[in-house]
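[1] build the 3D model from these lines:
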Amino acid sequence: MSKRKMRFDTKVIHAGQPTPRIEGAVNVPIFQSSTFEYKGQKNYDDLVYVRLNNTPSHKSVSNKIAELEGADRALVTSSGMSAITTTLLHFLKAGDHIIAHKNLYGGTAHFMQHGLPSYGIDVDFIDARDAKDWEEKIKPNTKVIYVETMTNPLVEVLELDKIVEFANKNNLISIIDNTFASPVIFCPIQFGFDISLHSATKYLNGHSDLAAGAIIGSSNHIKEISSTLNHLGGSLDPNTCYLLDRGIKTLSVRMERQCNNALKIANFLNSHSKIEHINYPGLPSDSNHERAKKFLCGFGAMLSFIIKGSEETANEFIDRLEIPVHTWSLGGVESLVVRPAQTTHSNFSNEELKKAGIDRRLIRYSVGIESINDLIEDFKNAIDG
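    Got it, this is the predicted structure:
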């Protein structure tokens, strides 16, 4: 059977495997070598060197990720932020302009608000759930539109089809961070986006034990971005390539359990009298529900909510939880809980939080694969005090 014809659950196991297998090894070995023999390469970027992200270890996991998203090529990088900043700095230069959704991961948003302007790059934010004002933001120097499949931390699902149409109409590069969804739920390149990004630290790996990023797109785009990455130096080490490849092999089974758990927790919270608001697109009452049904193959494993009361009420609730680890990051097999205003978006001023729609009391919960009965019982005990 051609690997291109394999179903997703088979690809997570077998995609990227070199043919023939290296010395018959079931898993791709770790090529713990910084340098490889010169074999007449004519181009600097074709030299096989660990910093150039093109050793056999890199190629195997990159090919797997590209296959999973239905793309020509992919690159792995040292972190999600390395993938994001490398891609943005490749497509943007001094004097350019970028449009982005107003609610993004805190590190990305902070880089756009403070990092890009220091390079002479102009940034405007839009509400990517409503297309009516987008045209007003277009300038002669606009080059990129940037969004997330499911936003962090409000779990919004955007007008993804209209974003692609808008980008094509205005000759923009469309970039989407697909971390929250993973290729289990959404494949941006097949949908029409130019570039898909991941913090592979999260769902792709799924075990909270490495840092990595991924950049996915056409052969031409990835070849060009690869050259930029080679200069910036955000390379992934071979051992981490191996761990990431191993983590991806369980992506399907992990996401199935996590998404099922998340929906049940969301339904529980939605019916609880002490919950002021919940963000989860799997709920029919959620404003993103119809878009999630239209564009995605699931509702994800991230949710956020506000408990009635003060910031201290939220802190006390988190302290009473026994199962999730109180920390940032997400996507691992273990549940994690955090207040974004204290962590992922702690470099936001109160005014910036308000513009992004993030209440200081907001709690973000990354749902793991634990017993759903235990998770809900833990919620009950923590809410009721």
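[2] every contact and neighbour count from this point should use C-alpha atoms.
    Fine.
[3] can you give me how far the one helix or strand E290 maps to is from the chain middle?
    According to DSSP states H and E, E290 maps onto helix 289-295. The chain centre lies 18 Å from the centre of helix 289-295; the measure is C-alpha atoms, centre = their mean, to the nearest Å.
[4] and stretch 123-136, by the same measure?
    That offset, for stretch 123-136, works out to 21 Å (C-alpha atoms, centre = their mean).
[5] kindly export it (C-alpha atoms) in PDB.
    Once non-C-alpha atoms are left out, stretch 123-136 reads as follows in PDB (Å, rounded to 0.1, in the frame of the first residue of the first chain):
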ATOM      1  CA  VAL A 123       1.500  45.200  12.800                       C
ATOM      2  CA  ASP A 124      -2.300  45.500  12.900                       C
ATOM      3  CA  PHE A 125      -4.700  43.300  14.700                       C
ATOM      4  CA  ILE A 126      -8.200  42.200  13.500                       C
ATOM      5  CA  ASP A 127     -11.000  40.100  14.700                       C
ATOM      6  CA  ALA A 128     -10.600  37.100  12.400                       C
ATOM      7  CA  ARG A 129     -14.100  35.800  13.400                       C
ATOM      8  CA  ASP A 130     -15.700  38.700  11.500                       C
ATOM      9  CA  ALA A 131     -14.500  39.600   8.000                       C
ATOM     10  CA  LYS A 132     -16.300  43.000   7.700                       C
ATOM     11  CA  ASP A 133     -13.300  45.200   8.800                       C
ATOM     12  CA  TRP A 134     -10.400  43.200   7.300                       C
ATOM     13  CA  GLU A 135     -10.200  45.200   4.000                       C
ATOM     14  CA  GLU A 136      -9.700  48.400   6.000                       C
END
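[6] what's the mean pLDDT across it?
    Regarding stretch 123-136, the rounded mean pLDDT is 97.
[7] okay, buried residues for that stretch please.
    For stretch 123-136, a neighbour-count test (16 or more other C-alpha atoms under 10 Å) marks V123, D124, F125, I126, D127, A128, R129 as buried.
[8] wait, is the second one part of a strand?
    Yes: counting by DSSP: H, G, I helix; E, B strand; the rest coil, one finds D124 located in a strand.
[9] hmm, A109 and it touching each other?
    No: counting by C-alpha atoms under 8 Å, D124 sits too far from A109 to count as a contact (11.1 Å).
[10] of all the residues in the helix holding E290, which ones are buried?
    Neighbour-count burial for helix 289-295 [16+ other C-alpha under 10 Å]: H289, E290, R291, A292, F295.
[11] swap in stretch 105-125?
    Buried, per 16+ other C-alpha under 10 Å, within stretch 105-125: 105-110, 112-113, 116-117, 121-125.
[12] the stretch 101-250 of the chain: helices as residue ranges?
    106-110, 116-118, 134-137, 160-169, 182-185, 188-191, 219-232, 238-248 (DSSP state H, counting those that start in this stretch).
[13] that'll do, ta.
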